[in-house]
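Undergrad: missing the sequence, but the structure's below:
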């Protein structure tokens, strides 16, 4: 468990450092900051439910199918991702012109299009790995 929590925490602190700096140094009159705060709060709650056996510790046998801490972890992580995406979208709408001026419209389209390449590579990897596993299982039989 420690081997999962420590690297994940360090990676999250590195990833969130620009947002944390923004939350500390900017005035709170920007509505988008609420989504950034919610992202951090939901991630911390997800980390709590990932690392601690809550609520199954307090209700043994009652959370075996529904309400297990790992399920709650996934819910909070999904909420974290939704808040992060909403914050990024709103930031982009506000700062769109400066981003286009710095990077150019072509680069932004390329970055957005690369998502589909990522999905394609993920699907291809899953299909290839499935075939490899099936061949290995047939060899064992």
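TA: In hand now; what should we look at? All values reported here derive from a predicted model rather than from experimental measurement.

Undergrad: When you work out contacts or count neighbours from here on, use the C-alpha atoms and nothing else.
TA: Noted.

Undergrad: which residues touch stretch 28-40?
TA: Applying C-alpha atoms under 8 Å, 6 or more residues apart in numbering, the external contacts of stretch 28-40 come out as 19, 23, 79, 80, 81, 82, 83, 84, 86, 87, 90, 91.

Undergrad: roughly how far is stretch 130-141 from the heart of the chain?
TA: In terms of C-alpha atoms, centre = their mean, to the nearest Å, the centre of stretch 130-141 is found 32 Å from the chain centre.

Undergrad: neighbour-wise, which of the contacts of stretch 28-40 leads?
TA: With neighbours taken as other C-alpha atoms under 10 Å, the top of the contacts of stretch 28-40 is residue 80, carrying 24 neighbours.

Undergrad: Break this protein into its domains for me.
TA: The chain breaks down into these domains under automatic domain parsing: 2-95, 104-141.

Undergrad: Would you mind measuring the gap between the ends of the longest one?
TA: So the one you mean is domain 2-95. End-to-end distance of domain 2-95 (C-alpha to C-alpha, to the nearest Å): 39 Å.

Undergrad: Pull the number of nearby residues for residue 54.
TA: For residue 54, using other C-alpha under 10 Å, the count is 17.

Undergrad: Could you look up the SS state of it?
TA: coil (DSSP: H, G, I helix; E, B strand; the rest coil).

Undergrad: mind listing what it touches?
TA: Applying C-alpha under 8 Å, 6+ apart, the residues contacting residue 54 are 68, 69.

Undergrad: quick revisit: can you put the domains of the chain in a markdown table and add mean pLDDT?
TA: Output for the domains of the chain, formatted as a markdown table (pLDDT from 0 to 100):
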| stretch | mean pLDDT |
| --- | --- |
| domain 2-95 | 92 |
| domain 104-141 | 94 |
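
Undergrad: Name the stretch among these that sits most buried.
TA: domain 2-95 (a mean of 15; mean count of other C-alpha atoms under 10 Å).

Undergrad: Which parts of the protein are helices?
TA: Applying DSSP state H to the chain gives helices spanning 2-25, 32-51, 69-103, 105-140.

Undergrad: Taking the contacts of stretch 28-40, tell me the two that lie furthest apart.
TA: 23 and 79 (19.3 Å; C-alpha to C-alpha).
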